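Asks: Need the 3D shape of this:
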Amino acid sequence: MSAGGEMLSDSDESFSKSFKKPRKDDIDRSTVEYIFGHITNRKCGLIRALTFEFDEFYRKCDPGAENLSLYGLPNSRWEVRVPDEKVPSELPEPVVGINFCRDGMANKNWVKFIALHCDAWILSLAAFYASELKRDERLRLFCMLNELPTIFEIVTGKDTDTTTGAEIYANGTGVQFEQSPNLASSNSNSTGISNGSFQTVELLQLFK
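Replies: I've put the predicted structure just below:
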């Protein structure tokens with residue numbers, strides 16, 4: 001029965017049940033650390049696309065294709081595809097149409113443009129996942145994220161002064177984020193940030 005005393009119709013009850021179904025890509029929102037790991041894994045995939053796997057990324061951004069977007073995935077990989085047709089989308093969506101300006105810009109400027117939009121998308125995802133956190137937890141999450149270099153800083157080499165509790169390192173397959181054990185102590189009354197070391201990744205020769 002509704003708040004006004006009217007019985008819900010079958011269609012209303014069906015909508016209510018479908019609205020409560022778990023979202024695609026639903027993650028555990030109860031801990032700051034889990035959300036931080038999820039977001040940094042996605043960020044890792046975006047960095048991989050714009051650096052170590054740039055040649056493959058470039059080929060997939062065919063200007064003759066439909067509107068394409070770059071997605072960082074929770075498994076630290078990436079994909080280029082058309083956005084979901086469902087409106088409104090279940091998650092914040094990255095910028096659309098990155099393939100259309102590929103051949104009209106120098107690679108250097110094109111990558112910078114995409115990196116800026118990727119940073120904006122990462123922050124929108126963080127805000128989306130943090131919506132159910134308490135105020136002090138949201139503050140701690142965004143302080144942790146802010147300790148990491150932005151994607152723009154990485155692809156342009158402007159991250160040399162960054163210190164962070166999460167190390168970025170390169171291995172045989174690309175870039176990964178590795179969370180330090182002391183990143184966010186549950187017993188800490190501060191923001192949970194511990195200064196650590198930052199290792200700059202080697203980039204493709206895009207910006208010479």
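Asks: which non-adjacent residue is nearest N75?
Replies: Nearest residue to N75 in three dimensions, chain neighbours excluded: N41, at 6.7 Å (Cβ to Cβ, 6 or more residues apart in numbering). In this view, the C-beta of every residue, glycine as well, is placed from N, C-alpha and C.
Asks: Now name the helix or strand holding the one you found.
Replies: Per DSSP states H and E: N41 is located in helix 32-50.
Asks: State the mean pLDDT of that helix.
Replies: Taken as a whole, helix 32-50 has an average pLDDT of 95.
Asks: Which element, helix or strand, includes the nearest residue to V32 once chain neighbours are set aside?
Replies: With Cβ to Cβ, 6+ apart as the criterion, V32 has its nearest non-adjacent residue at 4.7 Å, and that residue is L141. Secondary structure assignment for L141, by DSSP H and E: helix 135-146.
Asks: Please name every helix or strand in contact with the next helix or strand after that helix.
Replies: Using DSSP H and E, the helix or strand that follows helix 135-146 in sequence is helix 151-156. Here helix 151-156 touches helix 32-50, helix 107-129, going by 3 or more Cβ pairs under 8 Å, 6 or more residues apart in numbering; DSSP states H and E.
Asks: export these to CSV and tack on mean neighbour count?
Replies: CSV is the format used below for the helices and strands packed on helix 151-156 (neighbours: other Cβ atoms under 10 Å):
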stretch, mean neighbour count
helix 32-50, 23
helix 107-129, 18
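Asks: so which of the ones you listed gets nearest I154?
Replies: Minimum separation from I154 across these (Cβ to Cβ) falls at helix 32-50, 5.8 Å.
Asks: just the angle between the closest one and helix 107-129, please?
Replies: Angle between the axes of helix 32-50 and helix 107-129 is 160 degrees (criterion: axes from the mean of the first three to the mean of the last three Cα atoms, to 10 degrees).
Asks: if we can go back for a sec, for the helix holding L141, packing partners?
Replies: Using 3+ Cβ pairs under 8 Å, 6+ apart, helix 135-146 sits against helix 32-50, helix 107-129.
Asks: let's see 6 Å
Replies: The contact analysis (3 or more Cβ pairs under 6 Å, 6 or more residues apart in numbering; DSSP states H and E) places helix 135-146 against helix 32-50.
Asks: right, and the helix or strand after the helix it packs on?
Replies: Following helix 32-50 in sequence, per DSSP H and E, is helix 54-60.
Asks: That following helix: which residues count as buried?
Replies: F54, F57, Y58, K60 (16 or more other Cβ atoms under 10 Å).
Asks: Brilliant, that's me finished.
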